[in-house]
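# Next come a sequence and a model predicted from it.
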Amino acid sequence: MSLDDKDSVALSGKSDENESNSDENILPVGPRPGVVYPLNVIYCGECSLPLEYCEFTPNYEKCKLWLEKNLPKEFERRTQLADTGDASEEEKKRQKRGGRGVVRAKKKQQAPQKVCLSRAPRGKKKFVTVVTGLSTFEIDLKDAAKFFSHKFSCGSSVTGDDEIVIQGDVKDDLFDIIVEKWPEIDDDSIDDLGDLKR
């Protein structure tokens, strides 16, 4: 080996011995034999994740029901694979290492199903109408705010967890419109709180 060769080896960090070892450890490039491309990934309709990840979600039982209903062959294949596993169910559930583990789904507390309407001042002669309690009837607040803004031709927005603010004094009209739009809400479940300060 000449002096120039030693310098090039020192610069590249490789020698003849390392070159033969590195050729054996190179990762394969290109498609793998026996794999059909493009890969077909099936997503769960319940949690919108690939089916392999459903078991790590809090609502795994709902995912299994969806899979059994919509893809029975895939459900049967996955249950057969699960039955052949050596680990018992208790061992699977128990967390072995640190970390948070599987996040449990929060159970919704049953709040009294009441819709409360109130009027709040906004400046000297202007008012806003505040609607609370629509989420207890599982009504999407964004859709309800959009409906109110179209119905009354005014601005309305979702503020807070369960509150819609409508610009203008439309409290009297809301009693009829809410019952008409959402039949699951009856007249008895709508309360008038009068004038409130915000």
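Nice, I can see it.
# Contact partners for the residue nearest the centre of the chain?
For the chain, the residue nearest the mean C-alpha position is Cys47 (7.4 Å; Cα atoms, centre = their mean). The contact partners of Cys47, by Cβ atoms under 8 Å, 6 or more residues apart in numbering, come to 53-54, 57, 59, 62-63. C-beta coordinates here come from the backbone N, C-alpha and C atoms, glycine included.
# For it, which non-adjacent residue is closest in space?
Nearest non-adjacent residue to Cys47, counting by Cβ to Cβ, 6 or more residues apart in numbering: Thr57, 4.7 Å away.
# In the chain, where is pLDDT below threshold?
By pLDDT under 70, the low-scoring segments of the chain are 1-24, 83-111.
# And the strands in it?
Chain-ordered strands for the chain, with DSSP state E as the definition, fall at 115-121, 127-132, 156-158, 163-167, 190-195.
# Reformat the ones you listed as TSV; add mean neighbour count and distance to Leu71.
As requested, the strands of the chain are arranged in TSV below (neighbours: other Cβ atoms under 10 Å; distance: least, Cβ to Cβ, whole Å):
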stretch	mean neighbour count	distance to Leu71
strand 115-121	18	40
strand 127-132	21	42
strand 156-158	19	37
strand 163-167	21	39
strand 190-195	12	44
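# Compare those and report which one is nearest to Phe147.
Closest to Phe147 of those is strand 156-158 (Cβ to Cβ; 8.6 Å).
# chain center to that closest one, what's the gap?
Mean-position distance between strand 156-158 and its chain equals 22 Å (Cα atoms, centre = their mean, to the nearest Å).
# which residues touch it?
Contact partners of strand 156-158, identified using Cβ under 8 Å, 6+ apart, comprise 141-142, 145-146, 148-149, 164-167.
# Present those as a markdown table; the columns should include distance to Asn70.
Written out in a markdown table, the entries for the contacts of strand 156-158 read as follows (distance: Cβ to Cβ, whole Å):
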| residue | distance to Asn70 |
| --- | --- |
| Leu141 | 30 |
| Lys142 | 28 |
| Ala145 | 33 |
| Lys146 | 31 |
| Phe148 | 36 |
| Ser149 | 37 |
| Ile164 | 36 |
| Val165 | 41 |
| Ile166 | 40 |
| Gln167 | 44 |
